[in-house]
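1. Take this sequence and fold it.
(chains A and B)
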Amino acid sequence: MQMIDMTVNGELLHLDVPDDMPLLWALRDVAGLTGTKFGCGIAQCGACTVHVDGKPVRSCVMPVGAVGNRPVTTVEGVSETPVGKKVQEAWLDLEVVQCGYCQSGQIMSAAALLGRNPDPDDAAIDAAMAGNVCRCGTYPRIRAAIKQAATA
Amino acid sequence: MMTNPHGPAYGLLESTDLTVSSRRRFLQGTGLLMGFVWLGRRKAFAAGEEPSLKVIGGGGEDTGNAFEGFAPGGFIRIGRDGSITFVIPSTEMGQGIYTGEAMLLAEELEVGLDQVRIMPAPPNEELYRQPILKSQATGGSTSIRGAWVPMRQAGAAARTMLIGAAAAEWAVPSEECRAERAVITHIPSGRTLTYAALADASIRQPVPQDVPLKDPKDFKLIGKNTRRVDTPSKVDGSAQYGIDVKVEGMKIAAISICPVPDGKLVAVDDSQARKIKGVVDVIKIHNAVAVTGDHFWAARQGLAALKIEWDYGAKASLSSDSIWADLKQASETGKPVMGRSEGDADAKMASAAKRVDAVYELPLLAHATMEPINTTVHVRPDACEIWLGTQAPTAVQQVAAQVSGLPPEKVIVHNHLIGGGFGRRLVADSVQQAVEFAKQVSYPIKIIWTREQDLQHDLFRPAYYDRISAGLGADGFPVAWTDRTTGGSVLGSYLPTGLPEGVLDSDAIEGAAQPPYALPSIRVDWIRKDPPIKVNWWRGVGPTHNVFVVESFMDELAHAVGKDPLEYRRVLLKDNPRALGVLNLAAEKAGWGSPLPERTGRGISLHDSFGSYLATVVETSVTPAGQIKLKRIVAAVDCGFNILPDTIKAQIEGGMIFGLSAAMYNGITFKDGQVEQSNFHDYRQMRINEVPPFEVHIIPSTEGPGGIGESGTVSAAPALGNAIFAATGKRLRRLPFSREELQAPDIAKQTLGMVPPVALGVAIAASLGDAETGGSSGHQSQPAEV
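-> Residues are numbered from 1 along each chain as shown, chains lettered A, B, ... in the order given. Prediction:
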């Protein structure tokens, strides 16, 4: 039997999945971590964003076989990082969320941005967040919350 | 026949003001001023709601049959264990209604929002029929308008009974007792009793017949910003949308649907698919085939391995060209249904000093909710159980009953948080399909539509072809106004029995029939031309369609007589203080009239829809290559009494951005019977880098609350179109706005991608195992600035 070993949110998982299965479905349908969302399946919307080794990845197009031994962090585990916690708190403080479906991906993209750039300007926010679509139009608050998290 | 300017778009076939009259009728009808309906505890619990109540936010225990305590009506449950549960009748799809309706109950019940749990209401028309829509549904910006009085009364009645029980226990007058944070205190003695301790005794209290409501000056919750109850679970990933459901023994299904509407499945060769590891079954219905698997990936692999033969049927040649040609012809030769006629507009038009005519065209629109359509169903011999997010739980129940052959009370609907509704989830088409598949297998199946299917098999907002004219007097102001809208009937598509020809679908003229302006004569009518596909409600409903035409045209009239569009509107609004109030505030905050750079302009739009007044100023520049670059948005709203002010702002922001995406980018087109768009690369949405600074100003009001979930969407296209005109002198009368038409004359035609290649770059990077997706990819995603 083919097994994939993968560290997700600090926990080593043994998943019985094929190499070419997108990380998204391994997380959602096999590991039971449904916070990561399916939005488009072709890396157009960012709803499936997770961190692989701290960097943002569209899990809908990343095969599990490509993860290797790099640690995976999802929205369920991002509060364990100081930046992730700050981002989630800012999201709560500013009531960013509406329907919420894209917000796991937004939060993961924002946490990755702040992880590599603790004080992003508007252009840096645009660059890091333009791959995440929100149909409810929460963008003004996302921008404000990233700035608040940066100063927290 | 007249339509109601603030009225609902759903189910409206009457000429009366339902906003007021339905509520009044409803209250008189019940005889008890509380709840949508007040039922005895026994009846409420016998009404099919038992198994489907779960606390939102993931996990949470079932209640229902196990519940024992005080349940006055459908909304409130106070357990002996101290639990306080609110059963919220409206569906939460991002608009904040779980919080808003909970505030109405909590204010009068005298509990804090931190003390209550929220549960979605199960399907039960008797308990949860929305007073304005007259069915258990969430839409048309009706929730708060319908709930404003009854839900406060429900809270007040429950509190009265709890106080009565405490007073009886202590043998003191009720007037000496006060409720606060779920505790009743006997003021003179300082004795206290909790709601939990009173749960049993309260049941025996008489149901109050007339419950006075608090004076708004005494509100503790209503009108004050508070944390939304649904946000924490959406921030930590624990929120359970329909697509997240996991049921014991469940398989996940990927499906293929005939690409042409009303086409049929002929044959399937599944020999290769069944060899794929993880594939469980291949099942067929008349127009689709499903592969079930241990996970969605196996199902999709199996689906890709099928050889499917379709019969495309009669609509194989359907095209957008034919839809437009039909609309245009109907507009010129069809028989109109009168919407409003006052002051003999035709005669006044003939004698006007100047006449202005225009044609506006609006495309089919998809909803493109972030959460693709999905439905989980388990059909058993004794019951059909469904898990999904729906705006219309009883519609789901009815459809599932019909398809499964079970009585409705044997259909259990678990409603979940919705990852975007916008009208899409008012319709139960996916439920019909899912139950047809599920009844062929013994296990529960979760069917997930891909984004491509979600877009291509959506039920679209109709296309419209509208002809509008005005006759202007010597002073340049309208003496005659005619607006003929031509398009399909959403109501006719929605009602199971259809809408008879010749009957007005008020949605077709809502937003056109009652402009906020003083118009001496007006004729608004509708020519019905149903497209050969089903159509559906879309955020902002009638007003999103009609206000684009009215407000663009109002701008045209001002320019036609050389007047400032703001001043022109002001003159026509002298008798409409609320409309004038928002118009003036938005203009002032936006700095209307101050100088702007070349090819930059401001546009204003104004409307009163859903009981709320909204004026919006969009400032935009247009590059020589025709790219729209938004610079600033300022909105001023008067939506009556504020329940949750921050959410009002959020809805204006989000609604506006939703409408701007459509205005700039969106239109569904058909070719050879099939939808041409497939995903977010060719059905593009605004991204964060396109959104300018955005201000929302609220005018305080003591009027009854208006709806606010759709107003921003209504404002978007006309404000932007008017700003584009101010920037370029080009009047765009067709949506979405065409970049080609906006190119400066000296710019050679060049191809600017509609597709943000960000995603492609990310896709390639990710598929190569390169995790980096940040950096400059976002900037690269946008078309080159020229």
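2. Next, please give the residue ranges for the helices of chain A.
-> A:23-25, A:82-93, A:103-116, A:122-129, A:139-151 (DSSP state H).
3. could you point out which element follows the host helix or strand of B:Leu491?
-> Using DSSP states H and E, B:Leu491 maps to helix B:490-494. Next in sequence after helix B:490-494, counting helices and strands by DSSP H and E, comes strand B:522-528.
4. Which strands or helices does whatever helix or strand comes next after that following strand pack on?
-> Sequence order places helix B:541-560 as the next helix or strand after strand B:522-528, per DSSP H and E. Applying 3 or more CB pairs under 8 Å, 6 or more residues apart in numbering or on different chains; DSSP states H and E, we find helix B:541-560 packed against strand B:354-362, strand B:464-472, strand B:478-487, helix B:565-572, strand B:600-609, helix B:711-728. Where C-beta positions appear, they are placed from N, C-alpha and C, glycine not excepted.
5. State the distance from the residue of chain A found nearest chain B to A:Ala145.
-> Taking CB to the nearest CB, chain B has its nearest neighbour within chain A at A:Gly35, 2.3 Å off. For A:Gly35, the distance to A:Ala145 equals 18 Å [CB to CB, to the nearest Å].
6. where does the stretch 201-350 of chain B come near chain A, residue by residue?
-> By the rule CB under 8 Å from any CB of the partner chain, the part of the stretch 201-350 of chain B lying against chain A is B:227-228, B:230-232, B:234-241, B:243-244, B:246, B:252, B:277, B:294-297.
7. got any ranges where the chain has weak pLDDT?
-> Going with chain A. A:1 (pLDDT under 70).
8. not quite, I wanted chain B
-> B:1-67, B:747-786.
9. Contacts only, for whichever residue of chain B sits closest to chain A.
-> Per CB to the nearest CB, B:Gly237 is where chain B lies closest to chain A, at 2.3 Å. Listed by CB atoms under 8 Å, 6 or more residues apart in numbering or on different chains, the contact partners of B:Gly237 are A:Leu33, A:Thr34, A:Gly35, A:Thr36, A:Thr74, A:Val75, A:Glu76, A:Ser104.
10. If we use 6 Å, what do you get?
-> Contact analysis of B:Gly237 by CB atoms under 6 Å, 6 or more residues apart in numbering or on different chains lists A:Gly35, A:Val75, A:Glu76, A:Ser104.
11. What about the closest residue to A:Ala31 other than its chain neighbours, how many residues nearby?
-> In space, and not counting its chain neighbours, A:Ala31 is closest to A:Leu13: 5.7 Å by CB to CB, 6 or more residues apart in numbering or on different chains. A:Leu13 has 18 neighbouring residues, counting by other CB atoms under 10 Å in any protein chain shown.
12. what number of residues lie near A:Ala145?
-> Using other CB under 10 Å, A:Ala145 has 26 other residues around it.
13. Could you do B:Ala434 as well?
-> By the criterion of other CB under 10 Å, B:Ala434 has 29 neighbours.
14. Double-check that it belongs to a strand.
-> No. Secondary structure of B:Ala434 (DSSP: H, G, I helix; E, B strand; the rest coil): helix, not part of a strand.
15. my guess is it contacts B:Asn374, does it?
-> No. Counting by CB atoms under 6 Å, B:Ala434 stays clear of B:Asn374, with 8.7 Å between them.
16. so what's residue 97 up against?
-> I went with chain A, as the question did not name one. A:Gln103, B:Thr231, B:Lys234.
17. that's the wrong chain, I wanted chain B
-> B:Ile97 makes contact with B:Ser90, B:Ser143, according to CB under 6 Å, 6+ apart.
18. One more pass at 10 Å, please.
-> B:88-91, B:138, B:143-144, B:147, B:228, B:230, B:643-644, B:647, B:709 (CB atoms under 10 Å, 6 or more residues apart in numbering or on different chains).
19. What is the neighbour count of B:Ile276?
-> If you count neighbours by other CB under 10 Å, B:Ile276 ends up with 19.
20. Ok, B:Lys214 next?
-> A count of nearby residues for B:Lys214, using other CB under 10 Å, gives 15.
21. Need phi/psi at it.
-> Note on B:Lys214: backbone dihedrals following degrees, to the nearest 10 are phi -60, psi 150.
22. Tell me how far it lies from B:Ala179.
-> Applying CB to CB to B:Lys214 and B:Ala179 gives a distance of 12 Å.
23. shared neighbours, B:Ala434 and B:Asn374?
-> Common contacts of B:Ala434 and B:Asn374, defined by CB under 10 Å, 6+ apart, comprise B:Ala253, B:Leu388, B:Lys446, B:Ile447.
24. out of those residues, which is most surrounded?
-> B:Ala253 (31 neighbours).
25. and B:Glu180, what does it touch?
-> By CB under 10 Å, 6+ apart, the contact set of B:Glu180 is B:Glu110, B:Val111, B:Gly112, B:Thr192, B:Lys220.
26. Which single one of those is nearest to A:Asn9?
-> B:Gly112 (33.0 Å; CB to CB).
27. Now do the contacts for the nearest residue to A:Ala152 once chain neighbours are set aside.
-> Spatial nearest neighbour of A:Ala152, excluding adjacent residues (CB to CB, 6+ apart): A:Lys86 at 4.7 Å. Going by CB under 10 Å, 6+ apart, A:Lys86 touches A:Ser79, A:Ala110, A:Ala111, A:Leu114, A:Ala145, A:Ile146, A:Gln148, A:Ala149, A:Ala150, A:Thr151, A:Ala152.
28. now A:Lys86: how far from A:Gln148?
-> 9 Å.
29. Could you name every residue contacting both of these two?
-> Going by CB under 10 Å, 6+ apart, no residue sits against A:Lys86 while also sitting against A:Gln148.
30. circling back to that earlier point, take the helices of chain A and write them to CSV, including distance to B:Pro500.
-> Compiled in CSV, the helices of chain A are given as follows (distance: least, CB to CB, whole Å):
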stretch, distance to B:Pro500
helix A:23-25, 48
helix A:82-93, 50
helix A:103-116, 44
helix A:122-129, 50
helix A:139-151, 44
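31. excluding its backbone neighbours, what's nearest B:Trp538?
-> According to CB to CB, 6+ apart, the nearest residue to B:Trp538 is B:Arg461 (3.4 Å).
32. Find the pair from the contacts of B:Gly237 with maximum spatial separation.
-> That would be A:Glu76 and A:Ser104, which, of those, are the farthest apart (CB to CB) at 8.8 Å.
33. ok, the two, which is more surrounded?
-> Of the pair A:Glu76 and A:Ser104, A:Ser104 is the one with more neighbours under other CB under 10 Å, namely 28 against 21.
34. Quick check: that one touching B:Ser233?
-> No. If you go by CB atoms under 10 Å, A:Ser104 and B:Ser233 don't touch, sitting 11.1 Å apart.
35. Can you pull the residues that touch both of the two?
-> Joint contacts of A:Ser104 and B:Ser233 (CB under 10 Å, 6+ apart) are A:Gly35, B:Ala239.
36. coming back round to it: between B:Lys214 and B:Ala179, which contacts overlap?
-> Joint contacts of B:Lys214 and B:Ala179 (CB under 10 Å, 6+ apart) are B:Glu108, B:Glu110.
37. And B:Glu68, how close does it get to B:Arg355?
-> Distance, B:Glu68 to B:Arg355, by CB to CB: 72 Å.
38. which among the contacts of B:Glu180 end up buried?
-> The neighbour-count test (16 or more other CB atoms under 10 Å in any protein chain shown) marks B:Glu110, B:Val111 as buried among the contacts of B:Glu180.
39. returning to that earlier point: how about the residue of chain B closest to chain A: what's its closest non-neighbour residue?
-> Leaving aside its sequence neighbours, B:Gly237 sits nearest to A:Gly35 (CB to CB, 6+ apart; 2.3 Å).
40. I'd guessed the one you found sits against A:Ser79; true?
-> No. A:Gly35 lies out of contact with A:Ser79 (CB under 10 Å); the separation is 11.1 Å.
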